[in-house]
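J.: I'd like to go over a predicted model; first the sequence, then the structure.
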Amino acid sequence: MTSGTPAGDLPTALTGRPGRRSRRPGYIVFVVAVSFLAWALVSMDQTMLGVAVPSLSDALGVSLSTMEYLVGIFAFVTFAAPVLAGRFIDRLGRRWSFQVSLLGTGIFGGLTAAVGGAWQFVVVRLVAATSYGLTEPVVNTMVAEEAPAHRRGLIMGFVQAGYPLGAAIAGTLAAVLLPTSGWRPLFLIAFAPVIVVLISARFLRESRSFTAVRAETERRHLEYRPGWRSLFTPQLRRQTIVTSLFGFCINGGIGLIIGVVTTYLVHVDGISIGDAAFLFGLSNWVALASQVFVGFLADHLPAKWLMTGYSVLAAAALALLVVPHLTYSLALVSLVAFGFFGNGTFGCYTRYTAESFPAELRGTGTSFSLGFSFLTLSFMPIIGGALIESSVPAVIPAISAVLVLLGAVVMACGRNLPPRRELDQLTPSRLLAPE
């Protein structure tokens, strides 16, 4: 298959009209519920790792700086996995990719609780990071293709809110367990995604968009091998760059919160680990509400301008962390504000990304953009590890604030994708159009 052309959602020949849906509402609710739960559980595992860094450092006999470097390496693997392997979402299907990614995350995330040394810790976390990197793009590709156009923003905002929910639960559990029971009981919860795999294996069906593309390529006897080069054709280059760079920039702030902020508040500002974990959890509870709200707004207002405005306010929230000898109250304002405006952008970012690519490249494009966005999640912990014990630790949140502000500029250059449109109307199809 020549995959450099834009494509839509479903072929007219198969549906009678472009983008028409035939899934029952009950099935759509099931897809949304399973996707939300999967994303929340995966988030819990990743978040627990960042929150537990000080405790893991002591237990494994590894310095704080080295632990931050390792978190950065795991995040880099998370970036590389979807960039390298995301094309298989379009080659092998959404259902298969969803189950494999969750299975790897659940098994190896849970095994973190059993590690007895640094090398075991590195091995299980590398495999978990690989699986985790594939989960977000396949979840958002799958939900975007099942959600009705007039509610796509709200539904995808709700599903994406699973991430802050998982992070908030992890932060809350960490605040309770770390001071008393330690980190091992915390990671036992990470086995939970395996349950979702068992449920989805019984009821989840393949995406109609993927089925339509596969049927059309077989009918035309085309080789179906989507790849990176197809994302940089004149039709798609702009959106590939904008969605990738925006995610890269906004994750500069989220990477700080996930991987560094607990250690930063404890080590630099003298806040207790229990209080720091509580603030982290609270920030993510706020983000949960914000992402659902932003998803709702994106069904009525252009997502492009919502993300631009929110990013400016998120950068201001991160700048507060630069204040020396930060008080608990100011830390509360900073983390809550960033949870609302920074994490809030993900209420429509993944929807905007999925809408930017055609059906036969939606998994590949979404994986590439979201995978590239994970890159800052890798180097923010590395920067944190290098600077956390230096004489200028305040440079860490300053870098994050600048990146998030740059994200606003990048998004302002993207296409305006109007709300309440079918996917094939936003990115028309040549492959699936009537001959």
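T.: Looks like it came in fine.
J.: C-alpha only now, for contacts and for neighbours.
T.: OK.
J.: mean confidence for the biggest helix by length in the chain?
T.: Secondary structure of the chain per DSSP state H: the longest helix is helix 118-146. Mean pLDDT, helix 118-146: 94.
J.: now swap in stretch 91-106 and tell me
T.: 93.
J.: tell me which residues in that stretch are buried?
T.: 91, 93-99, 101-106 (16 or more other C-alpha atoms under 10 Å).
J.: likewise stretch 309-325?
T.: Residues 309-322 are the ones in stretch 309-325 that count as buried (16+ other C-alpha under 10 Å).
J.: The nearest residue to R151 once chain neighbours are set aside: neighbour count?
T.: Once flanking residues are discounted, R151 sits nearest to D299: 6.4 Å by C-alpha to C-alpha, 6 or more residues apart in numbering. Applying other C-alpha atoms under 10 Å, we find 21 residues neighbouring D299.
J.: And for P25?
T.: Per other C-alpha under 10 Å, the neighbour tally for P25 reads 12.
J.: What score does it have for pLDDT?
T.: Looking at P25, its pLDDT is 89.
J.: so how far is A359 from it?
T.: 22 Å (C-alpha to C-alpha, to the nearest Å).
J.: dump the residue contacts of the residue nearest the centre of the chain.
T.: With distances taken as C-alpha atoms, centre = their mean, the residue of the chain nearest its centroid is E136 (5.0 Å). Contacts for E136 were tallied using C-alpha atoms under 8 Å, 6 or more residues apart in numbering; they are W39, S367, L370.
J.: which stretches of the stretch 101-250 of the chain form helices?
T.: 118-146, 152-160, 162-177, 184-188, 193-203, 208-220, 237-259 (DSSP state H, counting those that start in this stretch).
J.: follow-up on the earlier one: of the buried residues of stretch 91-106, which is the nearest to S230?
T.: Nearest to S230 among the buried residues of stretch 91-106, counting by C-alpha to C-alpha, is R91 at 13.9 Å.
J.: correct me, but that closest one touches E223?
T.: No - in this structure R91 lies outside contact range of E223 using C-alpha atoms under 8 Å: 10.5 Å.
J.: For this structure, give me the ranges with low pLDDT.
T.: By pLDDT under 70, the weakly predicted segments of the chain are 1-23, 258, 433-435.
J.: Tell me the secondary structure at the closest residue to L330 other than its chain neighbours.
T.: Excluding the flanking residues, the one nearest L330 by C-alpha to C-alpha, 6+ apart is L320, at 7.4 Å. Classification of L320 by DSSP: H, G, I helix; E, B strand; the rest coil places it in helix.
J.: number of nearby residues for V51?
T.: V51: 29 neighbours (other C-alpha under 10 Å).
J.: just to revisit the earlier point, could you redo the contacts of E136 as TSV and give each row secondary structure?
T.: Shown next, in TSV, are those (three-state DSSP):
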residue	secondary structure
W39	helix
S367	helix
L370	helix
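J.: Could I get those residues in CSV, plus columns for neighbour count and distance to L173?
T.: Below are the contacts of E136 laid out as CSV (neighbours: other C-alpha atoms under 10 Å; distance: C-alpha to C-alpha, whole Å):
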residue, neighbour count, distance to L173
W39, 26, 18
S367, 33, 30
L370, 29, 28
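J.: Just give me the closest of these to P428.
T.: S367 (19.9 Å).
J.: contacting residues for that closest one?
T.: By C-alpha under 8 Å, 6+ apart, S367 lies in contact with P82, V83, G86, R87, L134, E136, P137, V138.
J.: try it again with 10 Å
T.: 79, 81-89, 133-138, 140-141, 244, 353-354, 361, 373 (C-alpha atoms under 10 Å, 6 or more residues apart in numbering).
J.: And V77, by the same measure?
T.: Neighbouring residues of V77 by C-alpha under 10 Å, 6+ apart: 71, 83, 125-133, 371, 374-375, 378.
J.: With W183 as the reference, measure out to G117.
T.: 14 Å.
J.: swap in A354?
T.: Counting by C-alpha to C-alpha, the gap from A354 to W183 is 36 Å.
J.: Of those two, which one has the most company?
T.: Legend: neighbour count by other C-alpha under 10 Å for A354 and W183, higher for A354 (29 against 23).
J.: what's the spacing between that one and R24?
T.: 22 Å.
J.: now L306
T.: The gap separating L306 from R24 is 31 Å, by C-alpha to C-alpha.
J.: now G157
T.: For G157 relative to R24 (C-alpha to C-alpha), the value is 21 Å.
J.: Could you check which of the two has the larger neighbour count?
T.: Taking neighbours as other C-alpha under 10 Å, G157 and R24 compare with G157 leading, 31 against 9.
J.: so what's the more buried one up against?
T.: By C-alpha under 10 Å, 6+ apart, the residues touching G157 are 36, 151, 288-298, 344-351.
J.: quick one: which of the residues you listed sit in helices?
T.: Of the positions in those, 36, 288-297, 346-351 sit in helices, assigned by DSSP H.
J.: Now which of those would you call buried?
T.: Buried residues within the ones in helices among the contacts of G157, counting neighbours by 16+ other C-alpha under 10 Å: 36, 288-297, 346-351.
J.: picking up where we left off before, list just the nearest of the contacts of V77 to V266.
T.: Nearest to V266 among the contacts of V77 is V71, at 17.5 Å by C-alpha to C-alpha.
J.: quick one: what helix or strand has that closest one in it?
T.: helix 64-85 (DSSP states H and E).
J.: How far off centre is stretch 298-305?
T.: Relative to the chain's own centre, stretch 298-305 is displaced by 19 Å; criterion: C-alpha atoms, centre = their mean, to the nearest Å.
J.: Check which residues of that stretch are buried.
T.: In stretch 298-305, counting by 16+ other C-alpha under 10 Å, buried: A298, D299, L301, P302, A303, K304, W305.
J.: Pull the number of nearby residues for E223.
T.: 11.
J.: element containing Q425?
T.: Secondary structure from DSSP H and E places Q425 in helix 423-426.
J.: now Q99
T.: Q99 belongs to helix 94-110 when assigned by DSSP H and E.
J.: Give me the angle between that helix and helix 64-85.
T.: Per axes from the mean of the first three to the mean of the last three C-alpha atoms, to 10 degrees, the angle that helix 94-110 makes with helix 64-85 is 160 degrees.
J.: Show me what helix 94-110 is packed up against.
T.: Helices and strands touching helix 94-110, by 3 or more C-alpha pairs under 10 Å, 6 or more residues apart in numbering; DSSP states H and E, are helix 25-51, helix 88-91, helix 118-146, helix 184-188, helix 193-203, helix 208-220.
J.: Just the C-alphas of the last one, formatted as PDB.
T.: Right, the one you point to is helix 208-220. Provided in PDB are the C-alpha atoms of helix 208-220 (Å, rounded to 0.1, in the frame of the first residue of the first chain):
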ATOM      1  CA  ARG A 208     -14.100  -0.700  11.800                       C
ATOM      2  CA  SER A 209     -11.600   1.700  10.400                       C
ATOM      3  CA  PHE A 210      -8.800  -0.800  10.500                       C
ATOM      4  CA  THR A 211     -11.100  -3.500   9.100                       C
ATOM      5  CA  ALA A 212     -12.100  -1.300   6.200                       C
ATOM      6  CA  VAL A 213      -8.500  -0.300   5.400                       C
ATOM      7  CA  ARG A 214      -7.400  -4.000   5.400                       C
ATOM      8  CA  ALA A 215     -10.400  -5.000   3.200                       C
ATOM      9  CA  GLU A 216      -9.700  -2.200   0.700                       C
ATOM     10  CA  THR A 217      -6.000  -3.000   0.500                       C
ATOM     11  CA  GLU A 218      -6.700  -6.700  -0.100                       C
ATOM     12  CA  ARG A 219      -9.300  -5.800  -2.700                       C
ATOM     13  CA  ARG A 220      -6.800  -3.700  -4.600                       C
END
